[in-house]
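1. Provided below are the primary sequence and the corresponding predicted coordinates.
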Amino acid sequence: MHVLVQSHMSQTNQHTTLKPITVVAKTDCYELLFNAETNRIYFTILGFWKNGDVVPDLLSDLNKALAITQKGFTLLADLSAMVTHPQQLNSLHIQLQKNISDAGLSCGAYVEPTDKIANFQIEQTIKTSQINLKRFGSLHEAEEWLN
């Protein structure tokens, strides 16, 4: 599904140009969007995930997004609304990050969670997966760096 959106991350009003965005997946727990013009995946984690059962299609949804990228794509992950996830989900986060890296990620940026423990979790999974991601405090800063 293609849509025109004013802002690829709906909770911000910082972007004013219309861009064609492919909505790969939108659930209560996450959003996966793709912008073909910039060859960029937008991944937003929303809130608390009790376990992997609340995100049963996440890996397949990510693979759908990766299938439409070109080698050298970028990633903007908005983790600001992420709440600490149970330890059992760390392996899922690491697998997601490895899949993204293996698919040809050029570089990525993420907006750090406001939850301090979630922030620590993300830093640890990034270290383990060795994905090329840089941390930012806002979507605007992250997007500017990627551009």
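-> Now that the structure is in, tell me what you want to look at. Numbering: from 1, shown residues only.
2. Please name the nearest non-neighbouring residue to the residue nearest the centre of the chain.
-> Nearest to the mean C-alpha position of the chain, by Cα atoms, centre = their mean, lies Phe43 at 2.4 Å. Closest residue to Phe43 apart from its sequence neighbours, by Cβ to Cβ, 6 or more residues apart in numbering: Ala77 at 4.6 Å. Using the backbone N, CA and C atoms, a C-beta is placed for each residue, glycine as well.
3. got it, and Thr27?
-> Using Cβ to Cβ, 6+ apart, the nearest residue to Thr27 is Val55, at 7.3 Å.
4. Can you name the residues that contact the one you found?
-> By Cβ atoms under 8 Å, 6 or more residues apart in numbering, the contact list for Val55 reads 27, 29-30, 49, 92.
5. can you give me the helices for this protein?
-> 58-67, 90-102, 116-129, 139-146 (DSSP state H).
6. Wait, Gln124 touches His93, no?
-> No - if you go by Cβ atoms under 8 Å, Gln124 and His93 don't touch, sitting 9.1 Å apart.
7. Out of the two, name the residue with the larger neighbour count.
-> Set Gln124 next to His93 and count neighbours by other Cβ atoms under 10 Å: His93 wins out with 22 against 13.
8. The nearest residue to Trp145 once chain neighbours are set aside pairs with what?
-> Taking Cβ to Cβ, 6+ apart, and ignoring the residues beside it in sequence, Trp145 has Ala109 as its nearest neighbour in space, at 5.6 Å. On the basis of DSSP bridges, Ala109 is bridged to Leu76, Lys134.
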